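Undergrad: missing the sequence, but the structure's below:
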Ligand SMILES: Nc1ncnc2c1ncn2[C@@H]1O[C@H](COP(=O)(O)OP(=O)(O)OP(=O)(O)O)[C@@H](O)[C@H]1O
């Protein structure tokens with residue numbers, strides 16, 4: 001079976017007012033099936049940039065991203081969108097839920113976009129939200145949920161299409177320490193339960209210790225931490 005995610009020689013530079021900022025300079029990373037990797041690096045080191053490229057939201061200037069054995073550079077725009085929807089789940093620091101829709105609908109939506117029948121999508125959304133303790137919050141809109149509950153909905157949404165890889169950028173960074181600890185534990189348990197691989201950027205070394213391995217970004221390259 002192909003690895004869920006391989007980054008090879010990924011480079012990314014940004015033009016700034018006074019020159020060029022080389023954020024990634026040949027980053028290499030392989031995630032094995034089901035492997036959960038922490039990405040811990042100082043602010044500005046390029047974690048979000050790396051996650052955006054890994055998630056096919058941005059293209060690298062050089063190097064290759066391979067998702068489930070398929071090179072992103074060889075995909076059409078449509079195939080990239082499809083791979084993003086089917087293979088990859090995202091959790092951000094801020095939940096980005098659709099404010100006009102209920103918790104349930106927010107988890108149903110990404111499934112229906114891929115053509116899953118509403119009945120199946122709803123059953124799956126309900127099961128995921130129940131596993132996250134939100135069985136009695138299904139019809140609540142995001143504004144009527146606590147920060148921890150909103151982030152749980154975002155986690156359920158990210159896993160709704162059973163991705164091979166979950167990419168998370170400070171997924172509990174916006175929560176108080178105690179809630180972050182609980183929600184993070186739930187995230188890990190769900191990801192492990194689904195057998196997904198994950199790459200999780202965090203500033204919190206205690207959370208990093210709960211993952212399978214920790215890497216860092218140094219001078220634009222991935223290094224063991
Ligand atoms: N679109 C852009 N244009 C110019 N510079 C950018 C752009 N995106 C990111 N950068 C710069 O690239 C560097 C890396 O940013 P990135 O957001 O990837 O860091 P990070 O490690 O995720 O930081 P943090 O932990 O603070 O979120 C920063 O110096 C940032 O200012």
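TA: That came through fine. Given the structure is predicted, the values throughout are model-derived calculations rather than measurements.

Undergrad: Every contact and neighbour count from this point should use C-alpha atoms.
TA: Fine.

Undergrad: Please tell me I have it right and residue 155 contacts residue 187.
TA: Yes - the criterion here is CA atoms under 8 Å, and residue 155 meets it with residue 187 at 6.9 Å.

Undergrad: which non-adjacent residue is nearest residue 2?
TA: residue 69 (5.0 Å; CA to CA, 6 or more residues apart in numbering).

Undergrad: circling back to that earlier point, okay, residue 155 and residue 187: which has more neighbours?
TA: Using other CA atoms under 10 Å as the criterion, residue 155 and residue 187 rank with residue 155 on top: 29 against 20.

Undergrad: just to confirm, which helix or strand has the more buried one in it?
TA: Under the criterion of DSSP states H and E, residue 155 resides in helix 147-159.

Undergrad: Residue 50 too?
TA: Residue 50 belongs to helix 47-54, assigned by DSSP H and E.

Undergrad: Tell me where the longest helix sits in this protein.
TA: helix 177-194 (DSSP state H).

Undergrad: Can you classify residue 63 as helix, strand or coil?
TA: The local conformation at residue 63, judged by DSSP: H, G, I helix; E, B strand; the rest coil, is strand.

Undergrad: So what does residue 12 have for phi and psi?
TA: The phi/psi pair for residue 12 (degrees, to the nearest 10) reads phi -150, psi 130.

Undergrad: I meant residue 138, not that one.
TA: phi -60, psi -40.

Undergrad: ok, residue 60 - contacts?
TA: Residue 60 sits next to 10, 11, 12, 53 when contact means CA atoms under 8 Å, 6 or more residues apart in numbering.

Undergrad: and stretch 50-60, which residues are buried?
TA: By 16 or more other CA atoms under 10 Å, the buried positions in stretch 50-60 come out as 50, 51, 52, 53, 54, 55, 56, 59, 60.

Undergrad: What's the end-to-end length of it?
TA: 9 Å (CA to CA, to the nearest Å).

Undergrad: before we move on, what about stretch 201-220?
TA: From its first residue to its last, stretch 201-220 covers 15 Å (CA to CA).

Undergrad: ok, residues contacting that stretch?
TA: 11, 22-27, 35-42, 45-48, 168-171, 173, 181, 184, 222-225.

Undergrad: does any part of that stretch sit near the ligand?
TA: No - contact between stretch 201-220 and the ligand is absent, the nearest approach being 7.4 Å (criterion: CA under 6 Å from any ligand atom).

Undergrad: How far does that stretch sit from its chain's centre?
TA: Relative to its parent chain, stretch 201-220 has a centroid offset of 14 Å by CA atoms, centre = their mean, to the nearest Å.

Undergrad: if we can go back for a sec, name the next helix or strand downstream of the helix holding residue 155, please.
TA: Sequence order places strand 165-169 as the next helix or strand after helix 147-159, per DSSP H and E.

Undergrad: Hey, what's the angle from that next one to helix 177-194? Just curious.
TA: Interaxial angle, strand 165-169 versus helix 177-194 (axes from the mean of the first three to the mean of the last three CA atoms, to 10 degrees): 170 degrees.

Undergrad: partners of strand 165-169 in the sheet?
TA: Strand 165-169 has the following sheet partners, assigned by DSSP bridges: strand 88-91 (parallel), strand 197-201 (parallel).

Undergrad: just the buried members of the contacts of stretch 201-220?
TA: Buried among those (16+ other CA under 10 Å): 11, 23-27, 35-41, 45-48, 168-171, 173, 184, 222.

Undergrad: The residues you listed: which ones sit near the ligand?
TA: Contacts with the ligand within those, counted by CA under 6 Å from any ligand atom: 23, 45, 46, 47, 48.

Undergrad: Since that was my last question, I'll sign off now.
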